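K.L.:
Fold the following.
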Amino acid sequence: MYIAICTMKKIKCGEPLIIKKDSLFDEPGAFTVGGEFLGYVSQEQPDGCLGYETVCGCIGANRVFAKGAVAFDNLLVVSTDSPVFNTTKYVRKEIEGYGLLMPVY
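P.N.:
The predicted model follows:
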């Protein structure tokens with residue numbers, strides 16, 4: 001799973017990060033393993049990334065380990081395999097004669 005982070009400074013790919021809720025603003029943010037603040041989860045996520053509402057709804061009091069995957073100037077896309085975000089349930093719907101798995105939110 002991928003999550004886009006709006007960063008305050010340039011971060012290298014492959015760097016380990018922690019995603020957790022910031023106690024000051026109650027927003028999900030990215031921190032270094034040492035606890036340094038890096039940025040907040042972007043409210044506008046690129047295609048293929050988890051939605052902002054999904055991240056906010058699932059993160060709760062958990063801390064998620066992630067790794068930098070793609071770095072831009074003020075945006076970092078991180079990857080994680082945390083089971084915290086595995087809450088999407090699928091149902092089978094038939095559309096025009098074809099059975100499709102559709103996510104239920």
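
K.L.:
Tell me how many other residues surround residue 68.
P.N.:
Using other C-beta atoms under 10 Å, residue 68 has 20 neighbouring residues. (C-beta placed from N, C-alpha, C; glycine too.)

K.L.:
List phi and psi for it.
P.N.:
The phi/psi pair for residue 68 (degrees, to the nearest 10) reads phi -60, psi 130.

K.L.:
repeat for residue 85
P.N.:
phi -90, psi 0.

K.L.:
quick one: it from residue 54, how far?
P.N.:
Going from residue 85 to residue 54 by C-beta to C-beta, to the nearest Å gives 7 Å.

K.L.:
And for residue 93?
P.N.:
Here residue 93 is placed at a distance of 20 Å from residue 54 (C-beta to C-beta).

K.L.:
So which of those two has more stuff around it?
P.N.:
Neighbour count, other C-beta under 10 Å: between residue 93 and residue 54, residue 54 has more, with 17 against 11.

K.L.:
Please report how far that one lies from residue 47.
P.N.:
As for residue 54, its distance to residue 47 is 14 Å (criterion: C-beta to C-beta).

K.L.:
try residue 5
P.N.:
Using C-beta to C-beta, we find residue 5 at a distance of 16 Å from residue 47.

K.L.:
And those two? Which one has more around it.
P.N.:
residue 5 (25 against 5).

K.L.:
Quick check: the more buried one is in a strand.
P.N.:
Yes - counting by DSSP: H, G, I helix; E, B strand; the rest coil, residue 5 is located in a strand.
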